[in-house]
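Asks: Next one to model:
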Amino acid sequence: MKILDEIWKRGKEFLSVDYPIISGGMTWVSTYELVKSVSDNGAFPVFAGGNMPSELFEHEIDRCLEKLNKPFAVNLITIAPNYREHYKILLSKKVPFVIFAGSFPKKSDVKIMKETGKKVMSFASEKSIAKKQIDFGVDALILEGSEAGGHIGHVSLTVLLQDVLFDMRDFPVFVAGGIATGKMMAHLLLMGACGCQLGTRFVMSEECTAHPKFKEAFMKARARQAIATPQYDSKLPVVAVRAIKNKSMKDFGRLQLELLNKLERGEITREKAQYEVENFWVGGLRNAVIDGDIDSGSLMAGQSVGLIKNIKSVKDIIKEFIDDAEEEFQRIKCILS
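Replies: You can find the predicted model right below:
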């Protein structure tokens, strides 16, 4: 038996897949095509609804339910304008897993979703959020470091591992953020993770339907170019977003200032301002992923983008991770023997 078979056994059993490698739910990227390929190759796929029109969201979920014969999850962005509609649709669908993302969900949302028989997972970007989500009743956590792409927290995975993972040996915890190699996955599993989530790596797959220019931007980017957006004022709380630096990042800064000025003049409510912020990212991401507008569109990517310089099939990506992890375990075994 390979070392890997034993060390990630708990993650395999929880997700009911061959390999507890989660393909992150990336809006407009984690489409049916990518989900199907990840599932066919033994890993755990996540369909991302983002803020897509409700009719399309429901159609794509039905497509996954019809074509996939293995478990998968649907990603719900709690701060997306269409979140409530997407939530209601999911309640009536026999989707095995739901992952709350963007911000943590309400306790009632977790409870009602679990009552439909689904397993619920949620992201945690710091210890207080992790504890709150467990109290809310989630079945597992995805501990995500700030190295990740898209909506992020402010604490690195290195710190989160020490602060959260080491204290939660008995609760299923998967980890995400900056993971680009099987060697890294091996060490995270040794630390107690049930499995790993990869996002940026799967963007650079042949089956990912993102625009060629979007992938090309990833290919050229360095880790330091995947930067996080700042929050200018606590009057307008915004969830940080990590993306490759381009014109859209500057545009977002200007949008924040405009919205803050409107808030001060009483021309807009805080809720409406936050809605405008999320609409900006939703539209910008679609422009980049679907239309290939890599200048004004949003290039959401994790810092691991600087480590990925090739496009491979999903099958080869998963195999590479598994082979590299097993090789690392054997190296460690030789050192300790």
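Asks: could you point out the longest helix in this structure?
Replies: helix 314-336 (DSSP state H).
Asks: That one: which residues count as buried?
Replies: Neighbour counts over helix 314-336 (16 or more other Cβ atoms under 10 Å) mark Val314, Lys315, Ile317, Ile318, Lys319, Phe321, Ile322, Asp324, Ala325, Glu326, Glu328, Phe329 as buried. In this view, the C-beta of every residue, glycine as well, is placed from N, C-alpha and C.
Asks: can you check stretch 245-259 too?
Replies: Applying 16+ other Cβ under 10 Å to stretch 245-259 flags Asn246, Ser248, Met249, Phe252, Leu255, Gln256, Leu259 as buried.
Asks: Poorly predicted segments of the chain, please.
Replies: Within the chain, the set of residues satisfying pLDDT under 70 comprises 1.
Asks: What segments of it are helices?
Replies: Ranges of helices in the chain, per DSSP H, are 3-7, 9-15, 32-40, 54-67, 83-91, 107-114, 127-136, 157-163, 182-190, 200-203, 212-220, 247-264, 270-289, 314-336.
Asks: of all those helices, which lies closest to Phe100?
Replies: With respect to Phe100, and counting by Cβ to Cβ, the nearest of the helices of the chain is helix 107-114 at 7.3 Å.
Asks: From the contact counts, what lies against that closest one?
Replies: Using 3 or more Cβ pairs under 8 Å, 6 or more residues apart in numbering; DSSP states H and E, the elements in contact with helix 107-114 are helix 83-91, strand 97-101, strand 119-124, helix 127-136.
Asks: follow-up on the earlier one: now flag whichever of the buried residues of stretch 245-259 is closest to Thr269.
Replies: Comparing the buried residues of stretch 245-259 against Thr269 with Cβ to Cβ places Leu259 closest, at 10.6 Å.
Asks: Roughly how far does the closest one sit from Pro230?
Replies: Between Leu259 and Pro230 the distance is 14 Å, computed by Cβ to Cβ, to the nearest Å.
Asks: Could you do His59 as well?
Replies: 37 Å.
Asks: All set, thanks.
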